[in-house]
Every structure is written in structure tokens, then in C-alpha cells.
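S.K.: got a predicted structure here, sequence first:
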Amino acid sequence: MFAFLRKNQVPLSACFCLLLSIYILMAAARGQLKNEPLGALLMWIMRPLQIASQGAVNWIIDFRENYDTLVGFKIENERLRKRIQNLEVERQKYLEADATNRQLKQLLDFRSHLPAGAITASIIANSATSWFKSCQIDKGSVDGVRKGMAVVTPLGVVGQVVAVTPRTAKVLLLTDQNSGIDVLVQRTRSRGIVSGSLESGTVLKYVKRSEDIQQGDRLITSGMDGVFPKGMMVGTVIKVLKQHIGLFQFIEVLPAVQTPLTENVLVVSADSGAAKD
């Protein structure tokens, strides 16, 4: 008998639990569970299990609700993140459009002081090497651009057109060693030539040692070269050195226009006369 019970203890235990469960269900359905000693014992034994199971159920419900809330927050955060990105793109477009509009307005206001026929253009490429400093603009012969025309901005002189195609033009910058702009020292009216230099940046040439040139002096176009309208800003003197020998001073100049930072320019006819007051 004991050998039979030991051999079949698992199936017998399962059957016992099953029968016990059926009994409890039937007794509970008849309302007899509370009146029977065995039922009271079973209820006392089952109470912690019921509390634990109810707690587990409540935890699962809370977890599901929290999970759904977190998923909702994640979806909302993703939506807001994309919205912020879109707003940042729109803001950047607005700022760029506003900056472009301000530049174009300055050009238009400045154009009213230039000879008739000034052409608005944009710089589309820069080429600055030790041997050749130039830029390329998006207007050419079909737009009225010709070789020899001056290229300027409201800040001052950029350079001179040296080559033209139907749709583009190459501009030799005033910082190139091959350039040469006839200028006046605004304070003293002394004359000289501004051009680039391989060793010393941009310089003012051919000013005699006897001339009064000081750091901070402004240089403007003289209008004598037949290219640039008179009175346009060229640069500012940043260094003056009177050498012990030689006829001329060494004068270093800071150009008024920094071409790498310039986007839009005006092309002025070489034979249009001086700028308006």
C-alpha cells in the first residue's frame, strides 16, 4: 500500500487538490463554506493567497496603466521633438531670409548713390591663393557686365572685372598683387596706389616719406583711374613705417571689404562717371 502511494504520489496529490477545489466551489455555491470547520480552515489558509493574488492583479493593472502612460508620453515627446525641429528649420529660414533682405536693402539704398546702370550680382565662388586672388559672380555679358567694370558694396571696393562669360564674370580683388587702385588719404588728400602684396598683405604704394600718413587714416577712391567712382571706401591704414632709405613709406592697409564674408555686390560701369552725393 505504502509502495503504491509513494509510486503514485504526484497523480494522487493532483487528484486530491482537484477534489478539494471542487468541494470548495460547491460549498461556496451552497453558502456552507462558513459553517463547516474545514471550510473555515481552508478560508484561513487561502486568505494570504487571495491577498497575494489580488495584490499581484492590482500590480499588473497599475503596471499596464503606467506602461500605457509612458508609451503615451513617449509618443507625445516624439511628436513635440519633431515639431521643435520643424520650428527650428522654419526659424533658420526666416533668419536667413531676413539677413538676405537686409543685405539687398543696403545694396538698393547704396545703388541710388551710384551711376545709373549698376548691376546687382552675387558672389558664387572665391579663389584666394598666394598668386591670384579673385572671386566669381553670377552675372555676365548677357546681363551687361563688361571687362574693366568696378565691383563694389556699401562697405567699399571689392575689385575689378577681368574676364566675362555670358553668365558669369571673374573679379580681380584689390588684395591681389596685380591690382592697383588710385586712392586718396581722406584726411590729407595725399595720393597713392592700393594693391595686394605677397609679403605684406594689402599696401599703399608710392607715398613719399614727407607725406603725413597716420595709423587709422581712411583711404578712398580718387576717381582718377576711370574705373571706380570717386569717394568710395577702400581701406584703413593699420601700419606706417618710414624706412631709413628710399623715397617712399611702407604703409599697410586693412581692406574695407572682407570678400570671404561678402555675398552680394554691385557692378558699376567704368565710364558712368562719379558716384552721386
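M.R.: Yep, that arrived.
S.K.: measure stretch 145-155 end to end?
M.R.: This stretch, stretch 145-155, spans 21 Å end to end (Cα to Cα, to the nearest Å).
S.K.: confirm Glu76 sits in a helix?
M.R.: Yes. Under DSSP: H, G, I helix; E, B strand; the rest coil, Glu76 sits within a helix.
S.K.: burial count for it?
M.R.: 10 (other Cβ atoms under 10 Å). Just so you know, the C-beta spots here come from the backbone N, C-alpha and C atoms, and that holds for glycine as well.
S.K.: per-residue pLDDT, it?
M.R.: Note for Glu76: predicted pLDDT of 78.
S.K.: Lys147 now?
M.R.: In this model, Lys147 is scored at 93, pLDDT.
S.K.: surely it is in contact with Lys170?
M.R.: No. Counting by Cβ atoms under 8 Å, Lys147 stays clear of Lys170, with 9.4 Å between them.
S.K.: which of the two has more neighbours?
M.R.: Lys170 (19 against 13).
S.K.: now the most centrally placed residue in the chain: how far from Ala99?
M.R.: Centroid-nearest residue in the chain: Gln92, 7.7 Å away (criterion: Cα atoms, centre = their mean). For Gln92, the distance to Ala99 (Cβ to Cβ, to the nearest Å) stands at 11 Å.
S.K.: thinking again about what came up before, what are the phi and psi values for the residue nearest to the centre of the chain?
M.R.: With angles defined as degrees, to the nearest 10, Gln92 sits at phi -60, psi -40.
S.K.: got a list of what Phe132 touches?
M.R.: Going by Cβ atoms under 8 Å, 6 or more residues apart in numbering, Phe132 touches Asp176, Asn178.
S.K.: confidence score at it?
M.R.: For Phe132, pLDDT reads 84.
S.K.: list the buried residues in stretch 143-150.
M.R.: Asp143, Val145, Met149, Ala150 (16 or more other Cβ atoms under 10 Å).
S.K.: now the two most distant members of these.
M.R.: Within the buried residues of stretch 143-150, Asp143 and Ala150 form the most distant pair, 15.4 Å apart (Cβ to Cβ).
S.K.: average pLDDT across stretch 82-100?
M.R.: Stretch 82-100 comes out at a mean pLDDT of 77.
S.K.: show me the contact partners of it.
M.R.: By Cβ under 8 Å, 6+ apart, the surrounding residues in contact with stretch 82-100 are Glu263.
S.K.: point out where the stretch 101-250 of the chain drops to low pLDDT.
M.R.: Counting by pLDDT under 70, the ranges of the stretch 101-250 of the chain that qualify are 103-115, 128, 130.
S.K.: all strands of it, in order?
M.R.: 119-128, 133-137, 150-153, 156-164, 169-173, 181-185, 191-197, 201-205, 218-221, 233-241, 250-255 (DSSP state E, counting those that start in this stretch).
S.K.: re the thing from before, which neighbours do Lys147 and Lys170 have in common?
M.R.: Contacts common to Lys147 and Lys170, judged by Cβ under 8 Å, 6+ apart, are Val161, Val162, Ala163, Val164.
S.K.: mind picking the two most distant members of those residues?
M.R.: Comparing all pairs in the shared contacts of Lys147 and Lys170 by Cβ to Cβ, the longest separation belongs to Val162 and Val164, at 8.6 Å.
S.K.: of these two, which one has the most company?
M.R.: Neighbours were counted for Val162 and for Val164 using other Cβ under 10 Å; Val164 has more, 20 against 16.
S.K.: now that one. Nearest residue, chain neighbours left out?
M.R.: Excluding the flanking residues, the one nearest Val164 by Cβ to Cβ, 6 or more residues apart in numbering is Ser141, at 5.1 Å.
S.K.: thought the one you found was touching Val161?
M.R.: No. The pair Ser141 and Val161 fails to qualify as a contact (Cβ under 8 Å) at a distance of 10.4 Å.
S.K.: these two: which is more packed in?
M.R.: Ranked by neighbour count (other Cβ under 10 Å), Ser141 and Val161 place Val161 first, with 24 against 14.
S.K.: would Asp98 count as being in a helix?
M.R.: Yes. Asp98: assigned to a helix according to three-state DSSP.
S.K.: from Leu266, how far out is it?
M.R.: 21 Å.
S.K.: what about the two, which has more around it?
M.R.: Ranked by neighbour count (other Cβ under 10 Å), Asp98 and Leu266 place Leu266 first, with 20 against 10.
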